[in-house]
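[1] I'd like to go over a predicted model; first the sequence, then the structure.
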Number of protein chains: 2
Amino acid sequence: MRDEEAVRQFVERMSRQLSDWGFPPMAARVLFAVMTAEEDTLSALDLAERLDVSSGAVSGAVRYLTDSGLLRREPVPGSRRDLYRLANESWWEASLTKMNRLKSIADAADEGVAALGGPDTRSGRAIAEMRDFFIFCHDEVPLMMEKWRERQAAQD
Amino acid sequence: MRDEEAVRQFVERMSRQLSDWGFPPMAARVLFAVMTAEEDTLSALDLAERLDVSSGAVSGAVRYLTDSGLLRREPVPGSRRDLYRLANESWWEASLTKMNRLKSIADAADEGVAALGGPDTRSGRAIAEMRDFFIFCHDEVPLMMEKWRERQAAQD
DNA sequence: CAGAGACTTCAGACGCACGTGAAAGTAATA
DNA sequence: TATTACTTTCACGTGCGTCTGAAGTCTCTG
């Protein structure tokens, strides 16, 4: 049923997609290794073995992921081993909802308008419109997410 | 009024934002050099001078941008010099509307579900939900853009 | 308290994408 | 046809992020 080789390829392909978006590659691999596991927690060693990477790489990746709030570390009492679990089943939703990137762009654009001498110059107007567009998106995305959640709720 | 140094910084900062999204840095610089120009067309030489980069770099960047449909090349009759103009005043809108990335992720996720043995396994279910989420976004974004266009139209 | 197991840190190597600068290519002018 | 103006191509150098592997640290067990 489950095709381990295909799963590997999937993890690799998906990680590539994420890293195209600026996500650290190894962190992406770890994230999908956890998502594609039938177990709901994995140790650092498990991750290193399944991904066939060094323990150091795993260490850096889980640190990134826990800092970002995507993964939760669960120390095992009476053992040096830590287990990792997805902090949020639908991390992608939370990630998109924030979308600080849109805000950063809007902010940068706003400074641009000032540098260009206000929204009444040719170029200033263009950048101002761009800024407004990104502000609009930044506002709309949460609404979109809400719609998604409603739809999900309705499906049950 | 117009602060050239601040404009430079703006171009640089904005390009950085774009390249964080996987956009080629030099292409981003050229794009914003054109957007921030008061002229509506610029030659390759203009671009090289304003950005203080080599002509080779400009050549590669404009090729990328014209191929992507963001810039239009306008040969000047009786001259070897070409001028470049924004192909679309609101290229960002068009770019977001396409958003092939979301589709790619959904496609990859779909293969993942198969590899995991269908949507009835623990991990398969998680990936299937993720897939549906990205399909949802892919469908919603065009609606969002429509809303934006309506709002813009209303503002006139 | 010694040893084993587990994670972290860090210096080094590696690969990759990017921009440079020079040389070649192409088209207009004389 | 030679010259000039502009663009494209490409081999090279560089910088950056990333992974490895070994050494270090910590903590539980015997």
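    Thanks, I have the structure now. Because the structure is predicted, anything quoted here is derived from the model rather than measured.
[2] got a list of what A:Gly69 touches?
    Counting by Cβ atoms under 8 Å, 6 or more residues apart in numbering or on different chains, A:Gly69 makes contact with A:87-88, A:94. Quick note: C-beta positions are derived from backbone N, CA and C, even for glycine.
[3] what's the nearest residue to A:Leu83 if we skip its chain neighbours?
    A:Thr41 (4.0 Å; Cβ to Cβ, 6 or more residues apart in numbering or on different chains).
[4] distance check, that neighbour against chain B.
    12 Å (Cβ to the nearest Cβ, to the nearest Å).
[5] can you check A:Gly112 too?
    A:Gly112 is 4 Å from chain B, where distance means Cβ to the nearest Cβ.
[6] the closest residue to that residue other than its chain neighbours - how many residues pack around it?
    Excluding its sequence neighbours, the residue lying closest to A:Gly112 (Cβ to Cβ, 6+ apart) is B:Phe10, at 4.0 Å. For B:Phe10, the number of neighbouring residues by other Cβ atoms under 10 Å in any protein chain shown comes to 24.
[7] so what's A:Arg50 closest to, chain neighbours aside?
    Computed as Cβ to Cβ, 6+ apart, the closest residue to A:Arg50 that is not its neighbour in sequence is A:Ala33, at 5.5 Å.
[8] so where does that neighbour fall, helix or strand?
    Applying DSSP states H and E as the criterion places A:Ala33 in helix A:25-35.
[9] same question, A:Tyr84
    Taking DSSP H and E as the definition, A:Tyr84 sits inside strand A:82-86.
[10] would you put the C-alpha positions of that strand in CSV?
    Only the C-alpha atoms of strand A:82-86 are listed here, as CSV (Å, rounded to 0.1, in the frame of the first residue of the first chain):
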residue,chain,number,x,y,z
ASP,A,82,13.5,14.1,22.6
LEU,A,83,10.4,13.5,20.4
TYR,A,84,9.0,15.9,17.9
ARG,A,85,5.4,16.4,17.0
LEU,A,86,3.7,18.8,14.6
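[11] how confident was the prediction at the residue of chain A found nearest DNA strand C?
    Ranked by Cβ to the nearest atom of the strand, the top residue of chain A for proximity to DNA strand C is A:Gly56, at 2.8 Å. Looking at A:Gly56, its pLDDT is 96.
[12] repeat that for the one 3 residues further on.
    In this prediction, A:Ser59 carries a pLDDT score of 97.
[13] and the gap between it and B:Ala128?
    31 Å (Cβ to Cβ, to the nearest Å).
[14] now do A:His138
    The gap separating A:His138 from B:Ala128 is 29 Å, by Cβ to Cβ.
[15] what do you get for A:Ala115?
    47 Å.
[16] which of those two has more residues huddled nearby?
    Between A:Ala115 and B:Ala128, counted using other Cβ under 10 Å, the more crowded position is A:Ala115 (23 against 19).
[17] doesn't B:Val11 make contact with the more buried one?
    No. A:Ala115 lies out of contact with B:Val11 (Cβ atoms under 8 Å); the separation is 9.3 Å.
[18] show me what contacts the residue of chain A found nearest DNA strand D?
    Going by Cβ to the nearest atom of the strand, DNA strand D is nearest to A:Gly56 of chain A, at 2.4 Å. By Cβ under 8 Å, 6+ apart, the contact set of A:Gly56 is empty.
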